[in-house]
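Chemist: Got a sequence here, can you build the structure:
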Amino acid sequence: MAAYFIGIDVGTQGVRVVLTDENGQVYGSEEAVFPLTDRAREEQSPRRWWIAVLRCLKTVVDSLRTTIDLQAVKSIAVTSTSGTVIPLDDQNEPLHNALMYSDSRPVIEGEQCKVLAERYHPDGYTGFNASSGLSKMVWFAHHFPEKTARLHTWVHAADYLTGKLSGNFRVTDYTNALKSGYDVKNGAWPAYLFETIPLNKAWMPEVVPSGKPIGCLLPELAIALKLPEIVVVAGMTDGCASQVASGAVRPGDWNTTIGTTLVVKGVTLQALNDPEGRLYSHRHPEGYWMPGGASNTGADWVTAGFGTDLAELTQAAAALIPTPYTAYPLRQKGERFPFMSAQAHGFAPKGLTNAELFAANMEGVAYLERYAYELIETLSGETVRAVYTAGGASNSDIWLTIRSSVLKRPVYKCAEVTGAVGAAILAASQTHFSSLTEAAQAMTRIEKEVKPMVEWMPLYDAGYARFVGALREKGFIA
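Modeler: As a prediction, this is how the structure comes out:
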């Protein structure tokens, strides 16, 4: 008999709910959109999320009631933004709106948390900033002491919705807990959190691996949705869920997502220690590590500099590659991965045609990706075995071919690479399959394999050397 799983993804701009089978086929999908305002970047109503989730859930299951056996739905999982936190009272009601990951107000608290972590817990996560959950908790205590006095539990965005589904608000997972200060290596909330900052250990939830069953769908919800009391599992951050959906879940597997920015995430056997803080590691549900890093460079330069009529431009660029040009299409000042430089800025040769610049920029991003993977192999001592890809840039065949040739390895594009599908795979990982690895192998599908152009590889080796030389000459790297 078929088995089905539900994945829920709640982001800054909306909700998506999907229902898949054990092969990863999506049978139903529904979305709700939130208006994106400056206020929404700082705070949002978690009650509004829940209303939207319920509406989408009902729409999906109702649409499938005559198509599949809904009694075969086995489990459900939630993914949401990393660093978004909500203070709950003793009735599990929000004392305040959710403090969003994109809320920049806790800048000072982020700096304080970073200094304290480096002093008292240097072997743990120390990359705290304004977007971290811990920084927001401290900021809240400073600005809302009366509400803080009534605080019972700090939850992350995914935890709140998991709690609304199951009634269990006292559990979170490794990936969400990391930026709230949890020591994922030793499996504990470090003592310094409660000795040096206004945080109470009683407020902090139990931390378990993503995908672990933590309860069942509340009876009243099961009745309302006409579903069985399915298993509810611990959630995951949206970035990690998208990595899961890409299929990059085994040691040596890596995923590059190129959207507005370039984000690299993968799996290693051992924790990856980066003394410069360019990479940090989540904990894999199977005990491995999930390092990742995000660049300020990506594909934002495409529409910003070249408009929307890209087909003709892409065709013209394809006739020019490999180019002899060295370009780095960073649109803002400063880079954070795979190198850190406050002075970094984009560059390109003067006098290029649009097609030449377009081609050189695609190559520049590919060179940056190669630099990232060389850094990862150096720091980890482990081999990057496979590169999976997602994001808008993965829709360009010529860019995929450039990247594969620069990386000198195949690049795999997977279908259905969304946080909601990643959540559905997570839901299945310990309720139907024996592990996340087994679930991802069964539920992800490679849509396209792009292999290197062998005749381009020597030219791209030379181009990569010029690119690294230019970064060094400009003082961006040592």
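Chemist: Show me the residue at the heart of this protein, geometrically.
Modeler: Residue closest to the average C-alpha location in the chain (C-alpha atoms, centre = their mean): Gly239, at 1.0 Å.
Chemist: Make sure that residue is actually in contact with Pro291.
Modeler: No - the criterion here is C-beta atoms under 8 Å, and Gly239 misses it with Pro291 at 11.9 Å. (Glycine included, C-beta is placed from N, CA and C.)
Chemist: what residues are shared contacts of those two?
Modeler: When contacts are counted by C-beta atoms under 8 Å, 6 or more residues apart in numbering, Gly239 and Pro291 are jointly contacted by Lys265.
Chemist: Would you confirm that Glu369 contacts Leu407?
Modeler: Yes - under the criterion of C-beta under 8 Å, Glu369 is in contact with Leu407, at a separation of 6.7 Å.
Chemist: Can you name the residues that contact Gln71?
Modeler: Gln71 neighbours (C-beta under 8 Å, 6+ apart): Pro228.
Chemist: Can you list phi and psi of the nearest residue to Thr84 once chain neighbours are set aside for me?
Modeler: Excluding its sequence neighbours, the residue lying closest to Thr84 (C-beta to C-beta, 6 or more residues apart in numbering) is Ala157, at 4.1 Å. Torsion angles at Ala157 (phi, psi; degrees, to the nearest 10) stand at phi -60, psi -50.
Chemist: show me the residues around Ala157 that make contact.
Modeler: In this structure, Ala157 makes contact with Val10, Pro46, Trp49, Ser80, Thr81, Thr84, Val85, Ile86, Ala98, judged by C-beta under 8 Å, 6+ apart.
Chemist: Counting neighbours, show which residues of the longest helix along the chain come out buried.
Modeler: If you go by DSSP state H, the chain has its longest helix at helix 354-380. Neighbour counts over helix 354-380 (16 or more other C-beta atoms under 10 Å) mark 355-373, 375-376, 379-380 as buried.
Chemist: Tell me which other helices or strands it touches.
Modeler: On a contact count with 3 or more C-beta pairs under 8 Å, 6 or more residues apart in numbering; DSSP states H and E, helix 354-380 meets strand 253-258, strand 262-266, strand 289-294, helix 300-306, helix 310-318, helix 397-407, helix 457-473.
Chemist: By mean pLDDT, show me the worst of these.
Modeler: Least confident of those, judged by mean pLDDT, is helix 300-306 with a mean of 89.
Chemist: For that helix, name the packing helices and strands.
Modeler: Secondary-structure packing of helix 300-306 (3+ C-beta pairs under 8 Å, 6+ apart): helix 354-380.
Chemist: For Lys408, grab the count of nearby residues.
Modeler: The number of residues packed near Lys408 is 14, by other C-beta atoms under 10 Å.
Chemist: which secondary structure element contains Glu438?
Modeler: helix 436-443 (DSSP states H and E).
Chemist: tell me the angle the following helix or strand past that helix makes with helix 397-407.
Modeler: On the C-terminal side of helix 436-443, the closest following helix or strand by DSSP H and E is strand 446-450. Computed with axes from the mean of the first three to the mean of the last three C-alpha atoms, to 10 degrees, the direction of strand 446-450 lies at 60 degrees from that of helix 397-407.
Chemist: Distance-wise, check the nearest residue to Val107 once chain neighbours are set aside relative to Gly293.
Modeler: Among residues not flanking Val107 along the chain, Ala130 sits closest, at 4.7 Å (C-beta to C-beta, 6+ apart). Distance, Ala130 to Gly293, by C-beta to C-beta, to the nearest Å: 18 Å.
Chemist: just Ser132 next, same as before
Modeler: 16 Å.
Chemist: between those two, which one's more packed in?
Modeler: Neighbours per residue (other C-beta under 10 Å) separate Ser132 from Gly293, with Ser132 holding more: 26 against 21.
Chemist: State the distance from Asn129 to Lys408.
Modeler: Counting by C-beta to C-beta, the gap from Asn129 to Lys408 is 35 Å.
Chemist: How about Lys74?
Modeler: Separation of Lys74 from Lys408 (C-beta to C-beta) stands at 42 Å.
Chemist: do the same with His96
Modeler: Between His96 and Lys408 the computed distance is 51 Å (C-beta to C-beta).
Chemist: now do Asn23
Modeler: Distance of Asn23 to Lys408, computed by C-beta to C-beta: 32 Å.
Chemist: again with Leu193
Modeler: Separation of Leu193 from Lys408 (C-beta to C-beta) stands at 44 Å.
Chemist: List the buried residues in stretch 186-195.
Modeler: Trp189, Pro190, Tyr192, Leu193, Phe194.
Chemist: okay, the fourth one: pLDDT?
Modeler: By that I understand Leu193. pLDDT, read off for Leu193, is 97.
Chemist: How about the secondary structure of it?
Modeler: With DSSP: H, G, I helix; E, B strand; the rest coil as the basis, Leu193 sits in helix.
Chemist: end-to-end on stretch 301-321?
Modeler: Using C-alpha to C-alpha, to the nearest Å, one end of stretch 301-321 lies 19 Å from the other.
Chemist: If you could redo that for stretch 69-83, that was the one I meant.
Modeler: Start-to-end, stretch 69-83 (C-alpha to C-alpha) is 37 Å.
Chemist: buried sites along it?
Modeler: Quick answer for stretch 69-83 (16+ other C-beta under 10 Å): Leu70, Val73, Lys74, Ser75, Ile76, Ala77, Val78, Thr79, Ser80, Thr81, Ser82, Gly83.
Chemist: same deal with stretch 395-412?
Modeler: 396, 398-407, 409, 411-412.
Chemist: quick one: which of those residues is nearest to Val244?
Modeler: Closest approach between the buried residues of stretch 395-412 and Val244, by C-beta to C-beta: Tyr412, at 14.6 Å.
Chemist: from memory the closest one sits against Ala386, does it?
Modeler: Yes - proximity of Tyr412 to Ala386 meets the contact threshold set by C-beta under 8 Å, at 6.5 Å.
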